[in-house]
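**Student:** Fold the following and give me the result.
(2 chains)
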2 protein chains.
Amino acid sequence: MVRIVEVGPRDGLQNEKPPLSTDSKAEFVARLSDAGLREIEVTSFVSPKWVPQLGDADRLWPMLPAGPEYSALVPNTTGLQRAVALGVKRIAVFTAASDAFTLKNINMTVSDSLAAFAEVVSAFRGLVTDGWVRGYVSTAFECPYAGPVDPGTTSQVVAHLIALGVDEVSLGDTIGVATPPEVRRLASVLDVPYSRIAWHFHDTRGTALANVQAALDLGYRAFDSSAGGLGGCPYAPGAGGNLATDDLAYLLEREGEVTGIDRLKLAEASLPVLEALGRPPSSKAQLALLACR
Amino acid sequence: MVRIVEVGPRDGLQNEKPPLSTDSKAEFVARLSDAGLREIEVTSFVSPKWVPQLGDADRLWPMLPAGPEYSALVPNTTGLQRAVALGVKRIAVFTAASDAFTLKNINMTVSDSLAAFAEVVSAFRGLVTDGWVRGYVSTAFECPYAGPVDPGTTSQVVAHLIALGVDEVSLGDTIGVATPPEVRRLASVLDVPYSRIAWHFHDTRGTALANVQAALDLGYRAFDSSAGGLGGCPYAPGAGGNLATDDLAYLLEREGEVTGIDRLKLAEASLPVLEALGRPPSSKAQLALLACR
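**Tutor:** So this is what the prediction gives:
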């Protein structure tokens, strides 16, 4: 079985300026759940000052329909307290394989962020005995500020996250530049079980599905994606950002994987959000499916 | 070296309704040449009644700038005479792996089309001793009317084309449904040298680059594509049709292949045509490149 981790409500929205109402977000998540998605990262317990779009995490969480496993990004112990108070059992922490990137985004070196997460993860384990933690490693292939990242560097961050008790590491091609040979190169130096790795590809240059296939061929079975390709490049209408869940689900189903996803419901789930944000869909599978209704 | 066969001016335009002037087409080809494309299929010597958009083949051909190798589709001996009179040295014939498809498109069974092409190819060889012939096999994976195509059936059509003297066979995923395991399955039953095969993927559901990678990994070295993804689905703005040359060139260059293509010039080459046709670009690599100018 291949796991799809839907990150549209969090990663797909976090950089979007037009404010989306909490009701719209809850409706979006409900439609994703109805479409058959079983793992959904819904928000971030970050300070509303940093990410205004996700500032309603405390109001949104209690509105989520039962069914899927929900997770939320937790940047620090303050966020952790908010999350745990709401009963959040699956959290994600966020670092990168490039100091230039973490310094710009979370004002810490990678090493400092790992030290901070050790504290967060340890506190979480103490509070939630049946909890689950994911660690994101952004810029796993290349950093927009520092250029190509050595696979060995990424592998060390992965090992560090696993060592501090993270259940799963999600490797992000944050700027969407990687190609399959790079996926194979990075995979060849990872020193953790396949089951602890998820791949988080961005489709900025159309290579995300090719990278998914490369990882599938190696035996990996967990991928992040965003309904309707939400989280696209803010500068170019129609340009790609996150790999669209619609494209991923098409590929997997066509290859005989049972995803449990109703692809038409999925294609329709993101439309109201895309419209509210003034974005055209960037998923080709979604466009093809909707054009043939 | 990987060969890119640019098919935008022919395959990308043939189904487009808004008439494009011959001057615009010549300008488009000139810009593709300037961007570094070395093989370009520029038009079809089909009856203007069938494909009005390409009805100006006889006027267009003499306007092409020197440099690239140009080719043209030739449906029958009448078209062949027109082409040869203009000095065309590279022709393409067009069949499919599904009778339902050829009957609908060229009003012949696959077998009848192969018999007709034997005549065209033989006449061409007699007239042009240093000529080159490509045979297209559409619906190599699936037919929009008859469903999935058995790889053995496609392989037989390929063998038949090679036997009647075609230099290269281009295998088309006409409706853009295939995924990498299907590429591997088809490749595994082909009984011709790799150097005689080109792959013609459509990106209707976002899988084209993944399929390119699968073919590259097997050792294939020739791919068709269309600048700016021209030839998209007529029913959905932004939806994909032909694999975009921009996406293909990005993937290849990132993997260390030297394509000789100036990707910015390429990205700009298709913009006037897309605009004249009222279509947004569907290539993610193109959009990403243009957004960062």
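**Student:** Could you report the separation of the nearest residue to A:Glu69 once chain neighbours are set aside from chain B?
**Tutor:** Nearest residue to A:Glu69, sequence neighbours excluded (CB to CB, 6 or more residues apart in numbering or on different chains): A:Glu39, at 5.0 Å. Just so you know, the C-beta spots here come from the backbone N, C-alpha and C atoms, and that holds for glycine as well. The gap separating A:Glu39 from chain B is 22 Å, by CB to the nearest CB, to the nearest Å.
**Student:** ok, now which ones touch A:Glu39?
**Tutor:** A:Glu39 makes contact with A:Arg3, A:Ile4, A:Val5, A:Glu6, A:Pro68, A:Glu69, A:Ser71 under the criterion CB atoms under 8 Å, 6 or more residues apart in numbering or on different chains.
**Student:** shaky segments in the stretch 151-293 of chain A?
**Tutor:** Along the stretch 151-293 of chain A, the parts satisfying pLDDT under 70 run over A:233-240, A:292-293.
**Student:** how about the strands in it?
**Tutor:** A:168-173, A:197-201, A:222-225 (DSSP state E, counting those that start in this stretch).
**Student:** Make a markdown table out of those strands and add mean neighbour count and distance to chain B.
**Tutor:** Converted to a markdown table, the strands of the stretch 151-293 of chain A look like this (neighbours: other CB atoms under 10 Å in any protein chain shown; distance: least, CB to the nearest CB, whole Å):
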| stretch | mean neighbour count | distance to chain B |
| --- | --- | --- |
| strand A:168-173 | 26 | 12 |
| strand A:197-201 | 25 | 11 |
| strand A:222-225 | 26 | 11 |
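**Student:** Columns distance to A:Asn105 on top of the ones you listed, output as CSV?
**Tutor:** Below are the strands of the stretch 151-293 of chain A laid out as CSV (distance: least, CB to CB, whole Å):
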stretch, distance to A:Asn105
strand A:168-173, 12
strand A:197-201, 15
strand A:222-225, 18
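**Student:** okay, now the closest residue to A:Pro180 other than its chain neighbours: neighbour count?
**Tutor:** Spatial nearest neighbour of A:Pro180, chain neighbours left out: A:Ala214 (3.7 Å); criterion: CB to CB, 6+ apart. For A:Ala214, the neighbour count with other CB atoms under 10 Å in any protein chain shown is 26.
**Student:** From A:Leu20, how far out is A:Ala276?
**Tutor:** 6 Å (CB to CB, to the nearest Å).
**Student:** Mind checking which of these two has more residues around it?
**Tutor:** A direct count of neighbours by other CB under 10 Å for A:Ala276 and A:Leu20 places A:Leu20 higher, at 18 against 15.
**Student:** Who are the contact partners of the nearest residue to A:Phe124 once chain neighbours are set aside?
**Tutor:** Take A:Phe124 and drop its neighbours on the chain: the residue closest to it by CB to CB, 6+ apart is A:Gly131, 5.5 Å away. For A:Gly131, the contact set (CB under 8 Å, 6+ apart) comprises A:Lys89, A:Arg90, A:Ile91, A:Phe124, A:Arg125.
**Student:** Mind picking the one among the residues you listed that's closest to chain B?
**Tutor:** A:Arg90 (28.7 Å; CB to the nearest CB).
**Student:** Let me see the contact set for the residue nearest to that closest one when sequence neighbours are not counted.
**Tutor:** Nearest non-adjacent residue to A:Arg90, counting by CB to CB, 6+ apart: A:Ser71, 3.7 Å away. By CB under 8 Å, 6+ apart, the residues touching A:Ser71 are A:Glu39, A:Ile40, A:Glu41, A:Val42, A:Val88, A:Arg90, A:Ile91, A:Ala92, A:Trp132, A:Arg134.
**Student:** wait, is A:Ser71 part of a strand?
**Tutor:** Yes: assessed with DSSP: H, G, I helix; E, B strand; the rest coil, A:Ser71 lies in a strand.
**Student:** the helices in the stretch 151-293 of chain A, which residues?
**Tutor:** Under the criterion DSSP state H, counting those that start in this stretch, the stretch 151-293 of chain A contains helices at A:151-163, A:180-189, A:208-218, A:245-254, A:263-269, A:271-277, A:284-291.
**Student:** any idea how far the residue nearest to A:Glu69 is from A:Ile261?
**Tutor:** 12 Å.
**Student:** Overlap in contacts, those two.
**Tutor:** With CB under 8 Å, 6+ apart, A:Glu39 and A:Ile261 have common neighbours A:Ile4.
**Student:** Tell me, how many residues neighbour A:Pro181?
**Tutor:** When neighbours are counted by other CB under 10 Å, A:Pro181 comes out with 17.
**Student:** Around A:Ile106, how many other residues sit close by?
**Tutor:** A:Ile106: 20 neighbours (other CB under 10 Å).
**Student:** For the nearest residue to it once chain neighbours are set aside, give me the pLDDT.
**Tutor:** Spatial nearest neighbour of A:Ile106, excluding adjacent residues (CB to CB, 6+ apart): A:Ser113 at 6.1 Å. Reported pLDDT at A:Ser113 in the predicted model: 96.
**Student:** Wait, a helix at A:Ser113?
**Tutor:** Yes: using three-state DSSP, the assignment for A:Ser113 is a helix.
**Student:** What's the local residue count around it?
**Tutor:** 23.
**Student:** isn't it right up against A:Leu103?
**Tutor:** No: with contact defined as CB atoms under 8 Å, A:Ser113 does not reach A:Leu103; the gap is 9.7 Å.
**Student:** Just to check, A:Ala249 is in contact with A:Ala285?
**Tutor:** Yes: using CB under 8 Å, A:Ala249 is in contact with A:Ala285, at 7.4 Å.
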